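Chemist: Sequence first, then the predicted structure:
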Amino acid sequence: MSRQALWRASLTLVAGSVLAQALPLLLGPWITRLYSPEAFGRFSLLWTVALNLAVVGCARYEFALPLARDEGAALRLASVCARMLLLSTGLAAVVGAAWALWAHEPLAWALPLAFAASSLVQAFTMWATRAQAFGVLSAARVIQHGGAAVGQVVLGLMAWGVLGLWWGPVAAALLAAAALAWATRPAAGWAAVLCVPGAAWRSAMREHRDFPLLNTPHAFASAAQDTLALLLIAAWVGDASAGLWALALRYLKAPATLVGGAVSSALYPQLVGAATPEEGRQHLRHTVRVLLVLAVGWTGVLMVAGPLLFAWVFGEPWREAGELARALGPYLALHFVASPLGVVTMAWNGQAWALKLALVGQALFVGGLAAGLAWGGLVGAGWGVSVAMLGYFGYYLLALWRWPLAPSHSPPAP
């Protein structure tokens, strides 16, 4: 795929991502008038835990799918993913039952369904990425993210309360997974996944064992960051503040999630299939430049008019979320740039290095959050995170920019 084809694919995915983001943005003011900050806090903690678990639902074997040489190899990996997902869904059911009984939270009984839906979307997304079915990926993002907002509005109007916040995204994720599965089904059908001989899928497990051994703890630690943040905020300053934090991060990280997902879906196969290491590096550097321009403009708006925008769009009870958005501005800009680049270390055999660095990043994030909460409450937590993460993201981006072209793919020391 040429650079022109890469960016054409990226634009296809970004177009779908923009449409998917437009629905939550347009419906956001309605949603925040249907649900209180307290309801957002309760929903967000449960949903964040489900997503935290779902990132490792297939033990990250799904991220090896774009590396598969042919459909037979891809089916063997898909068989591994299916088995990992069945096992992990059972574990999620145990977690949900324990939570429901311990905290008297009936919604936690539905945790395994949300977990399975999110895991399936991720697995089928990587299957479609391997097939370079970018139009399908774009449509699936609209269904998942836009459909979640539509569902929350409909269920909110039906006075479902926190259940509306929960079941909207669950139903949308299931629909997106179904759309991806139908549009990219293999020639032999999905039943072929369950017919792969034991020796074959076990061989695929061994061949790609770096993904569960190195990428799983990395991904889980990254997702656990959001869970720990909500737990700390809820314990320190209450459920309403947790709801404000959740709303701010939900909408402010959406561009990174959607645009980043689009860019990484196009960039990953390009890095894997680059004719020379230098070609891969040039694609990476061009991607970083474009993302930096977008990040600076978007974050500048937040820094100047965050509180006013949040109060106007979401209602006066949400003004403090705008103050928080201003404080998180530097962190959000760098996160926007770094988010799509996680596939680089997978493509360039740098997962061990990325895992070690990510653990440092988690410690810095939680430390900055806790220090900021002690210093200045919720808004102080935002500034604490921004300050703590500046050095981390700077090191990470410089390391990727200067990644050596030698076959060893050893990370540089900036």
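Modeler: That came in fine, so what should we check first? All of these numbers come straight from a predicted model, not from anything done at the bench.
Chemist: Quick check: mean pLDDT of the helix or strand harbouring H286?
Modeler: Element membership for H286 (DSSP states H and E) is helix 277-314. Helix 277-314 shows a mean pLDDT of 85 in the predicted model.
Chemist: What helices and strands are in contact with that helix?
Modeler: On a contact count with 3 or more C-beta pairs under 8 Å, 6 or more residues apart in numbering; DSSP states H and E, helix 277-314 meets helix 3-34, helix 239-252, helix 254-272, helix 319-338, helix 351-401. The C-beta positions use only the backbone N, C-alpha and C, and glycine is treated the same way.
Chemist: Among these, which comes closest to F43?
Modeler: F43 sits nearest to helix 239-252 of all the helices and strands packed on helix 277-314, at 7.8 Å, using C-beta to C-beta.
Chemist: between the closest one and helix 254-272, how many degrees?
Modeler: Compare the direction of helix 239-252 with that of helix 254-272 by axes from the mean of the first three to the mean of the last three C-alpha atoms, to 10 degrees and you get 50 degrees.
Chemist: So which elements touch helix 239-252?
Modeler: Counting contacts by 3+ C-beta pairs under 8 Å, 6+ apart, helix 239-252 is packed against helix 3-34, helix 37-54, helix 216-237, helix 277-314, helix 319-338, helix 351-401.
Chemist: now those as JSON lines including mean neighbour count and distance to Y251?
Modeler: Converted to JSON lines, the helices and strands packed on helix 239-252 look like this (neighbours: other C-beta atoms under 10 Å; distance: least, C-beta to C-beta, whole Å):
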{"stretch": "helix 3-34", "mean neighbour count": "18", "distance to Y251": "6"}
{"stretch": "helix 37-54", "mean neighbour count": "23", "distance to Y251": "11"}
{"stretch": "helix 216-237", "mean neighbour count": "18", "distance to Y251": "14"}
{"stretch": "helix 277-314", "mean neighbour count": "16", "distance to Y251": "9"}
{"stretch": "helix 319-338", "mean neighbour count": "23", "distance to Y251": "8"}
{"stretch": "helix 351-401", "mean neighbour count": "19", "distance to Y251": "14"}
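Chemist: Out of those, which gets nearest to A98?
Modeler: helix 37-54 (11.7 Å).
Chemist: tell me which residues in stretch 188-203 are buried?
Modeler: Buried positions in stretch 188-203, judged by neighbour count with 16 or more other C-beta atoms under 10 Å: A192, V193, V196, A200, W201.
Chemist: Kindly export it (C-alpha atoms) in PDB.
Modeler: Extracted in PDB, the C-alpha atoms of stretch 188-203 (Å, rounded to 0.1, in the frame of the first residue of the first chain):
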ATOM      1  CA  ALA A 188     -15.600 -21.300   5.000                       C
ATOM      2  CA  GLY A 189     -17.900 -19.400   7.400                       C
ATOM      3  CA  TRP A 190     -17.300 -18.700  11.000                       C
ATOM      4  CA  ALA A 191     -18.000 -22.300  11.900                       C
ATOM      5  CA  ALA A 192     -14.500 -23.100  10.500                       C
ATOM      6  CA  VAL A 193     -13.000 -21.300  13.500                       C
ATOM      7  CA  LEU A 194     -14.500 -23.900  15.800                       C
ATOM      8  CA  CYS A 195     -13.300 -26.800  13.600                       C
ATOM      9  CA  VAL A 196      -9.500 -25.900  13.700                       C
ATOM     10  CA  PRO A 197      -7.600 -28.900  15.100                       C
ATOM     11  CA  GLY A 198      -6.200 -28.600  18.600                       C
ATOM     12  CA  ALA A 199      -2.600 -29.000  17.400                       C
ATOM     13  CA  ALA A 200      -3.100 -26.200  14.900                       C
ATOM     14  CA  TRP A 201      -4.500 -23.600  17.200                       C
ATOM     15  CA  ARG A 202      -2.000 -24.500  20.000                       C
ATOM     16  CA  SER A 203       0.800 -24.000  17.500                       C
END
